[in-house]
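In: predicted structure and sequence below. I'll ask about it afterward.
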Amino acid sequence: MRSGFIALVGRPNVGKSTLMNWIVKEKVAIVSSKAQTTRDRIKGILTKTDTQYIFVDTPGIHKPQHLLGEYMTKTAIDTLKEVDLIVMVIDGKAEIGKGDKFVRERIEEAGGTPRVAVINKIDDLTDEDIEKKKIEIKEKLGKFNEIYTISGEYGINVDEFLKGIKKYLEDGVMYYPEDMYTDMPMYKVITEIVREKILWNTREEIPHSVAIEITDVKRRENGKDCYNINIYVERDSQKGIIIGNKGKMLKKIGIEARKDIEQVLERGIYLNLWVKVKDKWRKKKPFLKEMGYIIE
């Protein structure tokens, strides 16, 4: 049995979470078109007959603007020192820029850990585009052990990628039971689903100003459990956007979130959402600790 830990890193919004969800065939990490969607280190586990791949999806590495950003970037960088393989995911449709170079510099700081590059989103690229991207990677980012080309959204070449990286894993024991696809606690899965629905349904000023907390769960033996969840924002104007005209937006978010949560739990639930203002919470260490973003 070969097994090992594989870090998925890259600048924000290159498709790391989409790729991991495709690999494990479950919704482990939330996805959206907004940059910096992933805030924590999230494991996606794929167990085959003779191999266990443990992918670690990390927040997009970027120059932080607040304490939450510092936590996200530190989480991603620390992960690089603890894995068997580093996979740098690159958006095949975007020119390699300062963000990609910043990530590459952080990878170099991780020492001698093997690293491969993945050109993602090739479903929109021609063969000529792909060859040009490979040349651009070598010129701007330097040498990788290998370069793979995939589409994380449609699963193109993902099986070939998995077969290729197997050699970087070590002979050893299985770290997780074969039917386990993530080690993320269920409460975290639920709060992340709510955050995803907010990301999809609201404007640009909202996504990174939102924190989610389960405040109470009422268990019912012969009925649906009831989940009470707080949505924290930083300003009254953001609260108004999430609630929407006559509560329509909050109702839409709640309906969409409840459906996904019920699918994960495999049972019906009641979901009550409350929106509260917590001024500048991303810069407040005690609140960040309370929300599970541990700042050392």
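Out: Thanks, I have the structure now.

In: all contacts plus neighbour counts: C-alpha atoms, from now on.
Out: OK.

In: quick one: the host helix or strand of residue 105 to chain centroid distance?
Out: Secondary structure assigned from DSSP states H and E places residue 105 in helix 98-108. In terms of C-alpha atoms, centre = their mean, to the nearest Å, the centre of helix 98-108 is set 18 Å apart from its chain centre.

In: need the CA coordinates for the helix or strand following that helix. CSV is fine.
Out: Proceeding N to C from helix 98-108, the next assigned helix or strand is strand 115-120, under DSSP H and E. The C-alpha trace of strand 115-120 is given here as CSV (Å, rounded to 0.1, in the frame of the first residue of the first chain):
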residue,chain,number,x,y,z
ARG,A,115,7.0,19.5,-6.6
VAL,A,116,5.0,19.1,-9.8
ALA,A,117,3.0,21.7,-11.7
VAL,A,118,-0.6,21.2,-12.9
ILE,A,119,-2.0,23.3,-15.8
ASN,A,120,-5.7,23.5,-15.0
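
In: direction included, what does strand 115-120 pair up with?
Out: strand 85-91 (parallel), strand 147-149 (parallel) (DSSP bridges).

In: how far away is residue 163 from residue 241?
Out: Here residue 163 is placed at a distance of 46 Å from residue 241 (C-alpha to C-alpha, to the nearest Å).

In: what does residue 140 give?
Out: Between residue 140 and residue 241 the distance is 41 Å, computed by C-alpha to C-alpha.

In: same check, this time on residue 100
Out: Relative to residue 241, residue 100 is positioned 33 Å away (C-alpha to C-alpha).

In: who has more neighbours, these two?
Out: Legend: neighbour count by other C-alpha atoms under 10 Å for residue 100 and residue 241, higher for residue 100 (23 against 17).

In: quick one: secondary structure of the nearest residue to that one once chain neighbours are set aside?
Out: Among residues not flanking residue 100 along the chain, residue 11 sits closest, at 5.9 Å (C-alpha to C-alpha, 6 or more residues apart in numbering). The three-state assignment at residue 11 reads coil, by DSSP: H, G, I helix; E, B strand; the rest coil.

In: pLDDT at the residue of the chain positioned farthest from its centre, what is it?
Out: The outermost residue of the chain, judged against the average C-alpha position, is residue 222 (35.3 Å), by C-alpha atoms, centre = their mean. Here the pLDDT value assigned to residue 222 is 76.

In: next one: residue 99
Out: Predicted confidence (pLDDT) for residue 99: 88.

In: hmm, back to that, my read: the residue nearest to residue 100 touches residue 103, true?
Out: Yes. Assessed by C-alpha atoms under 8 Å, residue 11 is found in contact with residue 103 at 6.4 Å.

In: which one's more surrounded, the two?
Out: Each of residue 11 and residue 103 has its neighbours counted (other C-alpha under 10 Å); residue 11 has more, 26 against 20.

In: need phi/psi at the more buried one.
Out: Here is the backbone geometry of residue 11 (degrees, to the nearest 10): phi -70, psi 170.

In: show me where the stretch 151-296 of the chain has its helices.
Out: 158-165, 186-201, 236-243, 248-265, 285-290 (DSSP state H, counting those that start in this stretch).

In: deepest-packed of the ones you listed, please.
Out: helix 186-201 (a mean of 20; mean count of other C-alpha atoms under 10 Å).

In: that one packs against which elements?
Out: Applying 3 or more C-alpha pairs under 8 Å, 6 or more residues apart in numbering; DSSP states H and E, we find helix 186-201 packed against strand 211-218, helix 248-265.

In: out of those, nearest to residue 278?
Out: Nearest of the helices and strands packed on helix 186-201 to residue 278, taken as C-alpha to C-alpha: strand 211-218 at 9.4 Å.

In: no further questions, thank you.
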